[in-house]
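Undergrad: sequence first, then the predicted structure:
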Amino acid sequence: EPEVTQTPSHQVTQMGQEVILRCVPISNHLYFYWYRQILGQKVEFLVSFYNNEISEKSEIFDDQFSVERPDGSNFTLKIRSTKLEDSAMYFCASSERLAGPTDTQYFGPGTRLTVL
Amino acid sequence: AQSVSQHNHHVILSEAASLELGCNYSYGGTVNLFWYVQYPGQHLQLLLKYFSGDPLVKGIKGFEAEFIKSKFSFNLRKPSVQWSDTAEYFCAVNANNQGGKLIFGQGTELSVKP
């Protein structure tokens, strides 16, 4: 069964550094998402992406964050200047359609980001 | 704003016990409802989903959930749990008119004792 993959599995960085989290969505999917889960808290929506542009973003997704689909397979989340509070598990997800019976979002295994 | 509430933070059961995990959401419009499971060391996997039709939906591994619109609830059930059901369970809601964004509950950790 096709899977969403994410790299790296764990990223440690210094505060103020830029990080890029990478995701390879399922190949025929058109909608892409990033979520994050701070330890002990809920999984939170960050951003959705379709047709090479952001469809929706949460208030968490400020100017420090950006997303890109640099080629036909990767989907990346960049944090320009990391803060301590960015430490979290970041999940990528993809779906075939936006809404309807086939819009199940398939999640990747996550990247644990630790900001020191 | 939409929100999802899961009543139990941690549930401990013995094998063969019945399971019911509560999930309530707050949103007045049409919603799609999901239960995801995360086994230790693995990624979030879809257990079951409700879009329309029969409010009792069956998912994988013997799980089912019932959508009760009047109660804004979507409780997850399994008549007899197994040790392998030990995992974290997440209820999630997607509002039909708000794109694909999923709003998650805080998760319920289920521990099944052999």
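TA: Cool, the structure landed.

Undergrad: how many residues are close by the closest residue in space to residue A:14 that isn't next to it in sequence?
TA: The shortest distance from residue A:14 to any non-neighbouring residue, by CB to CB, 6 or more residues apart in numbering or on different chains, is to residue A:116 (5.7 Å). The C-beta positions use only the backbone N, C-alpha and C, and glycine is treated the same way. Neighbourhood size, residue A:116 [other CB atoms under 10 Å in any protein chain shown]: 10.

Undergrad: am I right that residue A:116 is in contact with residue A:15?
TA: Yes: with contact defined as CB atoms under 8 Å, residue A:116 counts as touching residue A:15 (6.7 Å).

Undergrad: quick one: the residue nearest to residue A:14 from chain B, how far?
TA: Going from residue A:116 to chain B by CB to the nearest CB, to the nearest Å gives 24 Å.

Undergrad: tell me, how many residues neighbour residue A:110?
TA: Residues near residue A:110, counting by other CB under 10 Å: 24.

Undergrad: contact partners for the residue most central in space within chain A?
TA: Nearest residue to the geometric centre of chain A (CA atoms, centre = their mean): residue A:34, 2.9 Å. By CB atoms under 8 Å, 6 or more residues apart in numbering or on different chains, residue A:34 lies in contact with A:21, A:23, A:46, A:47, A:67, A:77, A:90, A:91, A:92, A:93.

Undergrad: pLDDT below threshold where in the chain?
TA: All of this refers to chain A. A:98-102 (pLDDT under 70).

Undergrad: if you could check chain B rather than the one you did, that'd help
TA: For chain B (pLDDT under 70), the answer is B:96-98.
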